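structure here, sequence nowhere to be found:
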């Protein structure tokens, strides 16, 4: 018995399969994003794509490139340097055409070049590019009030809460996955070239 429309059905009628994409190795790519917190502060977080591990976060009065770079520096010091970082087109991370003409590139972009980290931009109108960090933001919105603050929440996210997209049979947490997926020499660079 066949599921879905027959193979000759128009393209819009064919059932699409859900595809999950993730990097194979830890530190191949990190997602970076700002999120407004209920108290009005701006949270910036870095999430490893392969493991969903939050490598760094900080809360600031404004969403700025300086805050993003401060958190990045600590994250790299604690967990190593990612091959690439995926961000949205927001001004803390990226200078648009008009802004670039006035003041040059964003400080974040310049620092990525200096550090040898490839800065990737999420496709405009493609929220799935940031789906992993958006899920984390959704959990913050739903559950932050149950914790003593972001430190406790991130500890729960990284070290206590098993993640369904990881090794669910062993109730793997992002911290365990980050360690398990850490590559041998040269593997991060190869994975970073893949996409």
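Done, it's in. None of these values were measured; they are calculated from a predicted model.

for this protein, what helix or strand is lowest in average pLDDT?
helix 187-193 (a mean of 44; mean pLDDT, DSSP states H and E).

residue 24 contacts residue 50, doesn't it?
Yes - contact criterion Cβ atoms under 8 Å: residue 24 and residue 50 qualify, at 6.3 Å. Quick note: C-beta positions are derived from backbone N, CA and C, even for glycine.

which residues are in contact with both of these two?
Between them, residue 24 and residue 50 share these contacting residues under Cβ atoms under 8 Å, 6 or more residues apart in numbering: residue 181.

the two: who's more crowded?
The neighbour count for residue 24 versus residue 50, taken as other Cβ atoms under 10 Å, is higher for residue 50 (25 against 14).

what helix or strand does that one sit in?
When elements are assigned from DSSP states H and E, residue 50 belongs to no helix and no strand.

shaky segments in this structure?
Along the chain, the model assigns pLDDT under 70 to residues 1-23, 95-105, 123-131, 166-168, 184-195.

mind listing what's buried in stretch 151-171?
Buried residues in stretch 151-171, counted by 16 or more other Cβ atoms under 10 Å: 153-154, 157-158, 161, 163, 166.

any chance you could list what contacts it?
20, 22, 51-54, 57, 136, 139-140, 143-144, 147, 172-177, 180.

do that again at 7 Å, thanks
The contact list for stretch 151-171, computed with Cβ atoms under 7 Å, 6 or more residues apart in numbering, reads 20, 52-54, 57, 136, 139-140, 144, 147, 172-175, 177.

now do stretch 69-78
44, 46, 55-58, 107-108, 111.

now list the buried members of these.
Taking 16+ other Cβ under 10 Å as the criterion, what is buried in the contacts of stretch 69-78 is 44, 46, 55-58, 107-108, 111.
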